[in-house]
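**Student:** Here is my input, please return the structure:
(one chain, ligands or ions: 1)
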Amino acid sequence: MVLNFELDKLTRDLKRIKPKRVLVQLPEGIKQNAMEIAKEIESLGIETIFSGETAWGGCSIAVQEAEALNVDLIVHFGHAKFIDSKFPILYIEVKDELDFEKLLKKSLLKLKKFKRIGLSYSIQHRHDIEKIKKFYEDNGKKIFLSSKIGHAAYDGHVVGCEYRGLKNIQGNVDCFVIIGNQFHSMGACLSVDKPVILIDVYNDDVREMKGIKEKIIKQRAISIEKLKEADNVGVIIEIKPGQRFGAPKFLIDKFKQQGKNVILITMNELTTDKIMNFYHIDAFIELACPRIAIDDFAKYGKPILTFKEALVALGLKSWEELLEEGIV
Ligand code: SF4
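**Tutor:** Predicted coordinates for the structure are as follows:
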């Protein structure tokens, strides 16, 4: 992995915006590069503070931290723009400069029986997508980029909570190819009904995502049943502006109408300890990131559900509708 932090763009944009004090957010994998980034920003005479909190996605914008620290600008690395915000944010997407040739050649074996390919990528590979498209077209494939919709910032761009762009093109394709990691391809295979092939650039591997979908669907059905049986329910919200999936008040009213006890909880980030301390709560609905409930099923010891799943437990959406929409 050779990361290009787009320092030229960073310098150009900072000279244009002219902040006095910035808060920098780095995803976990690039916090190790904080020193190099600090040198670049401070060389422009700008006071720099790094957020030590997690920044899993473009959703995770530290507006409260920034306001408390009285900075002029948030510089958010590693993700594309996710939401509109009144607080000034500079997104530096970061390029992963890889030589794809070997992996692409390897993928042709898995793609032998497929002609029409739906192609999606995580943001670090956007700059390579025309080359990747050309490679497949030169090898007789027809390429369709997933469409830009919702939290996807570009055609072909995929984020872990936004798969409508893939669903929009699934009638035109025989399979999907995801350039990125297991996280994005798992979300894809939960959302579409075509084979999903992952070009796993971090493990130098090409594999079809098989078997995971059935296992996760069973886990989700179990969680929904547990929520139906729960007497005491916790609805968890986040205060970051990008992490608001669903309507807490609506859920609380509906659960109360069904005779359940329900409380609203705010959490900056879920941990096992925080969840277990609410030992009297039988099930939680988590409205910050839908992937926490799905990917961390075994982690918390209590059922955690998404907004859409809560609607199923409440009888406001059918299980079939949920599967049709896609679990994520
Ligand atoms: S999947 Fe979760 S962490 Fe990633 S962008 Fe969406 S809400 Fe944020």
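**Student:** hey, what's Ile74 bridged with?
**Tutor:** Beta bridges link Ile74 to Leu23, Ile89, judged by DSSP bridges.
**Student:** Adjust the sequence numbering to begin at 43 for everything that follows.
**Tutor:** With the count now opening at 43, the last piece we talked about shows up as Ile116.
**Student:** how near is it to the ligand?
**Tutor:** The gap separating Ile116 from the ligand is 16 Å, by C-beta to the nearest ligand atom, to the nearest Å. No exception for glycine: its C-beta is placed from N, CA and C like everyone else's.
**Student:** ok, now which ones touch that residue?
**Tutor:** By C-beta atoms under 8 Å, 6 or more residues apart in numbering, the contact list for Ile116 reads Val64, Leu65, Val66, Gln67, Ile103, Ala104, Val105, Ala108, Phe129, Pro130, Ile131, Leu132.
**Student:** so how many other residues sit close to Val274?
**Tutor:** One correction, residue 274 is Asn, not Val. For Asn274, the neighbour count with other C-beta atoms under 10 Å is 15.
**Student:** err, Arg58, not the other one
**Tutor:** 8.
**Student:** Contact partners for it?
**Tutor:** By C-beta under 8 Å, 6+ apart, Arg58 lies in contact with nothing.
**Student:** Can you report how many residues neighbour the nearest residue to Ile59 once chain neighbours are set aside?
**Tutor:** Among residues not flanking Ile59 along the chain, Leu115 sits closest, at 6.0 Å (C-beta to C-beta, 6 or more residues apart in numbering). Leu115 has 21 neighbours, counted by other C-beta under 10 Å.
**Student:** What of Ser360?
**Tutor:** Ser360 has 11 nearby residues by other C-beta under 10 Å.
**Student:** Could you find the closest non-adjacent residue to it?
**Tutor:** Leaving aside its sequence neighbours, Ser360 sits nearest to Val354 (C-beta to C-beta, 6+ apart; 7.1 Å).
**Student:** if I look at that neighbour, how far off is the ligand?
**Tutor:** Going from Val354 to the ligand by C-beta to the nearest ligand atom gives 20 Å.
**Student:** From the rest of the structure, what touches whichever strand or helix holds Leu145?
**Tutor:** Using DSSP states H and E, Leu145 sits in helix 143-152. Helix 143-152 is touched from outside by 174, 177-178, 181, 219, 239, 241, 243, 246-250, with contacts defined as C-beta under 8 Å, 6+ apart.
**Student:** same thing but at 10 Å, please
**Tutor:** 142, 153, 159, 173-174, 177-178, 181-183, 217, 219, 221, 237, 239-243, 246-250 (C-beta atoms under 10 Å, 6 or more residues apart in numbering).
**Student:** Give me the distance from the following helix or strand past that helix to the chain's centre.
**Tutor:** Note on helix 143-152: by DSSP H and E, the next helix or strand toward the C-terminus is strand 158-163. Using C-alpha atoms, centre = their mean, to the nearest Å, the mean C-alpha position of strand 158-163 is found 18 Å from that of the whole chain.
**Student:** Tell me which other helices or strands the next helix or strand after strand 158-163 touches.
**Tutor:** Downstream of strand 158-163, the next assigned helix or strand under DSSP H and E is helix 171-180. In terms of contacts (3 or more C-beta pairs under 10 Å, 6 or more residues apart in numbering; DSSP states H and E), helix 171-180 is packed against helix 143-152, strand 158-163, strand 184-187, strand 217-222.
**Student:** Go through those and pick out the most buried.
**Tutor:** Among the helices and strands packed on helix 171-180, ranked by average contacts under mean count of other C-beta atoms under 10 Å, first place goes to strand 217-222 (a mean of 25).
**Student:** Which element, helix or strand, includes the residue of the stretch 43-192 of the chain found nearest the ligand?
**Tutor:** Of all residues in the stretch 43-192 of the chain, Gly99 sits closest to the ligand, at 2.7 Å by C-beta to the nearest ligand atom. Using DSSP H and E, no element contains Gly99; it sits outside every helix and strand.
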